[in-house]
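**Student:** Whatever this is, show me its structure:
(chains A and B)
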Amino acid sequence: MKLSRPRSLIATFVVIAIAATLPLASSNDYLLGLSINLVQYTLMATAWALFSGPTRYVSLASVAFYGIGAYAVAVLGDKLPMPVVFAVAVGVGALLALLVGLATLRLSGIYFVIFTFGLAELVRQLVTWYEVNITKTIGRYVFLDITPRQIYWELLVLLAALFAFSWWVKRSRLGLALQVIGEDETVARHVAIDVTRAKLVLFVASSAFITLTGAIMAPRWTYIDPAISFNAVISFQVVIMALLGGAGSLFGPVAGAIPMTLLFEFLSAKFPNYFSVLLGVSFMVIVYFVPDGVAAAVARRLQRHKADAQPAAEASEVRA
Amino acid sequence: MTASALLLDVRGLSRSFGGLRAVDSLDLTVAQGEIVGLLGPNGSGKTTAMNLISGALVPDAGTIVFDGHEIQGLPAFKVARRGVARSFQLVRMPASLTCLENVITGLAFRPRGLWGEPARVRGRELLARVGLADKADTLAGALTYIDQKRLELARALALEPKLLLLDEWLAGLNPTELHDGIALVREIRGTGMTILLVEHVMDAIRALCDRCVVMSAGRKIAEGPTAEALANPLVLEAYLGSDEHV
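**Tutor:** Here you go, the predicted model:
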């Protein structure tokens, strides 16, 4: 029902198409690598916000799905054609999301946060156990004939698909259902919305996009082990990016992902030994000093009923 | 209006919270086309009964037969799909949606749901019906209290319910608004709607209800045609000491 016009989507496709010409215009490997990171985090933050924005369920499981995608490629990449590998990755990620969703989406938000964080750790430990005890290795090499350019283009195609999907959801009944759920779940139930199903559909879709991002990124790593692929910091980075930009709108996460990725890139290049410390400090600074992104989202979560100027701004943003 | 057929038949309905029996073996019937008032002092279990009927709460015991089917224990969204719509004691309204979008939430998810242009057309009709024709694009959060109540009613009607549960829908209104509110409920009743309402406002009860069921401490203490039920000595006793004068 949202009056989001096709124009915004078409403009997005144009921007993505222009971005796709970058490797043709420049052969700078560093620039390409940076661009891959930018698109990767934009994808993950937008996919995260697809579910967590309207429902206000904070998921810390992003890296579980990302890692599953990466591992699917590491294990199957040299055995099956790439499209099949991607399909398997998405299938596994979606199935896990379905099971987790069925188990947790009836719970209130805080249990979901804890559960998803636990899930990411559980998956990491299971993969570690399997690799150490069954395959007798710790890491895997991903030697595939896929260039960084291809990875970059694949990510951009996925990003275009994600925006198209998000845009469609916002216009659909499902989008309205999620918006009502986010504002008042009791009202949602009494206007005949199947709340659990709506959340489940979006959680599975969001997780599938994140899984596919991990799968596309795998050849970029060349070497992966559970500590790299299931690094919990990635989940936190995705959350902070989406919240910084504003998880409620279609393009909010982009506005968070781009500056944050550049910041992380800068910090890890200039201060490799102090990266974690500076990362933590930057999180705190953002949470403290950027009330428009982070605080507004947190406030909305905490005080749904204090309607002042904020809902007006939020609504016009969504409809834009 | 067909008078005799029972639309709602509640028997032995019970629900406890900890040691408190909020609703204790309640029997309650509502015939097709009837307006029944559910009365009682604060804390007597009226809202809990409404929550049990609408599926917001699961009963510990008892049956709720609605339109020929048992609905006790069904999740609220399924109860709503079967034709039970409700308002809330304290108005609940997604504040960042416009009035029209709020009404569309009632249209979109019901059986034979509406979407797109048909939903907008029907949504505007419903807004006009409750007196909010010019507020379609206003955010629900910006409405006055009475208008939010009107909107809540429009959203409930959007579900095309067979039974409308109004929980203190007329509370907190000034005399003029109350007059308008009673007229609006009457008008809706005129379309054949069956209504179960929890209410404290005696003028409204006398003006609207065919029958009343009076609760105290979770139990039904009186039942009958409105004037009769209100004159019952047990009812007078139950209300004694409260601010309400019967």
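
**Student:** Check the gap between residue B:19 and chain A for me.
**Tutor:** 25 Å (Cβ to the nearest Cβ, to the nearest Å). Using the backbone N, CA and C atoms, a C-beta is placed for each residue, glycine as well.

**Student:** Near that residue, how many residues? Count them for me, please.
**Tutor:** 5 (other Cβ atoms under 10 Å in any protein chain shown).

**Student:** same question, residue A:40
**Tutor:** By the other Cβ under 10 Å criterion, the neighbourhood of residue A:40 contains 24 residues.

**Student:** Residue A:20 too?
**Tutor:** With other Cβ under 10 Å as criterion, residue A:20 counts 17.

**Student:** OK, contacts around it?
**Tutor:** A:152-153, A:156 (Cβ atoms under 8 Å, 6 or more residues apart in numbering or on different chains).

**Student:** neighbour-wise, which of the residues you listed leads?
**Tutor:** That'd be residue A:152 among the contacts of residue A:20, by other Cβ under 10 Å, with 23 neighbours.

**Student:** you'd agree that one is up against residue A:39?
**Tutor:** Yes - if you go by Cβ atoms under 8 Å, residue A:152 and residue A:39 touch, sitting 6.8 Å apart.

**Student:** Now do the helices in chain B.
**Tutor:** Applying DSSP state H to chain B gives helices spanning B:46-54, B:76-82, B:99-108, B:117-129, B:145-158, B:175-190, B:202-208, B:226-231, B:233-239.

**Student:** Quick one: distance of the shortest one to the chain centre.
**Tutor:** Right, helix B:226-231. Computed by Cα atoms, centre = their mean, to the nearest Å, the chain-centroid distance of helix B:226-231 equals 20 Å.

**Student:** do the fourth one as well
**Tutor:** Using Cα atoms, centre = their mean, we find the averaged C-alpha position of helix B:117-129 to lie 22 Å away from the chain's own average C-alpha position.

**Student:** Report whether that helix contacts chain A.
**Tutor:** Yes - Helix B:117-129 is in contact with chain A by Cβ under 8 Å from any Cβ of the partner chain, via B:119-120.

**Student:** Need the nearest residue in space to residue B:10, chain neighbours excluded.
**Tutor:** residue B:28 (4.2 Å; Cβ to Cβ, 6 or more residues apart in numbering or on different chains).

**Student:** Let's have the helices of chain B in a markdown table, adding mean pLDDT and mean neighbour count.
**Tutor:** Below are these laid out as a markdown table (pLDDT from 0 to 100; neighbours: other Cβ atoms under 10 Å in any protein chain shown):
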| stretch | mean pLDDT | mean neighbour count |
| --- | --- | --- |
| helix B:46-54 | 95 | 25 |
| helix B:76-82 | 96 | 21 |
| helix B:99-108 | 96 | 27 |
| helix B:117-129 | 96 | 17 |
| helix B:145-158 | 94 | 23 |
| helix B:175-190 | 92 | 15 |
| helix B:202-208 | 90 | 18 |
| helix B:226-231 | 88 | 16 |
| helix B:233-239 | 82 | 15 |
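
**Student:** Residue B:8: which of these is closest?
**Tutor:** Closest approach to residue B:8 among the helices of chain B (Cβ to Cβ): helix B:46-54, 7.2 Å.

**Student:** what's the closest one packed up against?
**Tutor:** Judged by 3 or more Cβ pairs under 8 Å, 6 or more residues apart in numbering or on different chains; DSSP states H and E, helix B:46-54 is in contact with strand B:6-17, strand B:20-31, strand B:35-39, strand B:61-66, helix B:76-82, strand B:84-86, strand B:163-167, strand B:194-198.

**Student:** right, so these: which one is the most enclosed?
**Tutor:** Highest mean neighbour count among these (mean count of other Cβ atoms under 10 Å in any protein chain shown): strand B:84-86, with a mean of 29.

**Student:** what does chain B put close to chain A?
**Tutor:** Taking Cβ under 8 Å from any Cβ, the part of chain B that reaches chain A is made up of B:54-56, B:75-77, B:80-81, B:85-86, B:88, B:92-98, B:101, B:104-106, B:108-110, B:113, B:115-116, B:119-120, B:139, B:141-142, B:155, B:158-159.

**Student:** Near chain B, list only the ones from the contacts of residue A:20.
**Tutor:** Counting by Cβ under 8 Å from any Cβ, no member of those is near chain B.

**Student:** And these, which is closest to residue A:19?
**Tutor:** Nearest member of the contacts of residue A:20 to residue A:19, counting by Cβ to Cβ, is residue A:156, at 6.1 Å.

**Student:** what about the helices in the stretch 201-320 of chain A?
**Tutor:** When secondary structure is read from DSSP state H, counting those that start in this stretch, the stretch 201-320 of chain A shows helices at A:226-229, A:232-245, A:252-270, A:275-289, A:296-302, A:309-319.

**Student:** Can you say which of the ones you listed is nearest to residue B:48?
**Tutor:** Closest to residue B:48 of these is helix A:296-302 (Cβ to Cβ; 27.5 Å).

**Student:** Pick out the residue nearest the middle of chain A.
**Tutor:** Centroid-nearest residue in chain A: residue A:44, 2.4 Å away (criterion: Cα atoms, centre = their mean).

**Student:** State the helix or strand in which that one lies.
**Tutor:** Under the criterion of DSSP states H and E, residue A:44 resides in helix A:29-55.

**Student:** want to throw the contacts of residue A:20 into CSV with secondary structure and pLDDT?
**Tutor:** Shown next, in CSV, are these (DSSP: H, G, I helix; E, B strand; the rest coil; pLDDT from 0 to 100):
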residue, secondary structure, pLDDT
A:152, helix, 96
A:153, helix, 96
A:156, helix, 97
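
**Student:** Nearest to residue A:83 among those?
**Tutor:** When the contacts of residue A:20 are compared for distance to residue A:83 (Cβ to Cβ), residue A:153 wins out at 14.8 Å.

**Student:** distance of the residue nearest to that closest one when sequence neighbours are not counted from residue A:150?
**Tutor:** What sits nearest to residue A:153 in space, not counting adjacent residues and going by Cβ to Cβ, 6+ apart, is residue A:20, at 6.1 Å. Remark: distance between residue A:20 and residue A:150 (Cβ to Cβ, to the nearest Å) = 12 Å.

**Student:** that older thread, mind putting the helices of the stretch 201-320 of chain A into TSV with mean pLDDT and distance to chain B?
**Tutor:** Below are those laid out as TSV (pLDDT from 0 to 100; distance: least, Cβ to the nearest Cβ, whole Å):
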stretch	mean pLDDT	distance to chain B
helix A:226-229	89	38
helix A:232-245	87	18
helix A:252-270	86	15
helix A:275-289	76	23
helix A:296-302	55	9
helix A:309-319	42	4
